[in-house]
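Student: output the structure for:
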Amino acid sequence: MDGTADEANVAAFEEHLKKSLVIDSLRIALDELLSGCFIRKDVADSILQEACLQYRTLLMSNTLFLPSHYMVGHLEHYRHSSEAWTLTVKDPVIALCVNDAILGMIFVSPLKDR
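Tutor: Numbers count the residues shown, from 1 in each chain. You can find the predicted model right below:
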């Protein structure tokens with residue numbers, strides 16, 4: 001494989017990363033914080049850049065296993081005890097899937113419409 005193909009693969013990976021469920025959800029949350037004037041644009045950009053870097057490192061390292069299921073919904077309450085976290089989620093949707101591209105099709109588009 002030549003250098004051009006490698007660069008194209010890296011560019012495709014980076015584009016897929018930016019469209020992933022995790023990063024897109026963070027982007028939506030940061031946009032809401034920006035629109036409410038809770039954070040500055042440079043802070044939001046810095047957070048998003050660091051999250052992309054950390055997520056890319058996680059995916060490239062292959063030393064950690066990604067979960068076999070995901071859940072999305074509206075977090076209503078949370079509590080931490082010495083043993084565990086308790087999360088109360090309104091309207092949960094659970095996907096038993098490990099393919100991030102499929103999850104993006106299931107969850108990302110409907111969440112943007114809300």
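Student: from now on I want contacts and neighbour counts done on CA atoms only, so please keep to that.
Tutor: Will do.
Student: and Leu87, that's in a helix?
Tutor: No - counting by DSSP: H, G, I helix; E, B strand; the rest coil, Leu87 is not part of a helix but strand.
Student: what pairs with Leu87 across the strands?
Tutor: Tyr78 (DSSP bridges).
Student: pretty sure it is touching His77, no?
Tutor: Yes - if you go by C-alpha atoms under 8 Å, Leu87 and His77 touch, sitting 6.0 Å apart.
Student: quick one: mean pLDDT for stretch 12-28?
Tutor: Taken as a whole, stretch 12-28 has an average pLDDT of 78.
Student: buried stuff in it?
Tutor: The neighbour-count check on stretch 12-28 (16 or more other C-alpha atoms under 10 Å) flags Leu17, Lys18, Lys19, Ser20, Leu21, Val22, Ile23, Asp24, Ser25, Leu26, Arg27 as buried.
Student: want to throw those residues into TSV with distance to Thr57 and secondary structure?
Tutor: Shown next, in TSV, are the buried residues of stretch 12-28 (distance: C-alpha to C-alpha, whole Å; DSSP: H, G, I helix; E, B strand; the rest coil):
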residue	distance to Thr57	secondary structure
Leu17	11	helix
Lys18	14	helix
Lys19	16	coil
Ser20	14	coil
Leu21	16	helix
Val22	14	helix
Ile23	13	helix
Asp24	17	helix
Ser25	18	helix
Leu26	17	helix
Arg27	18	helix
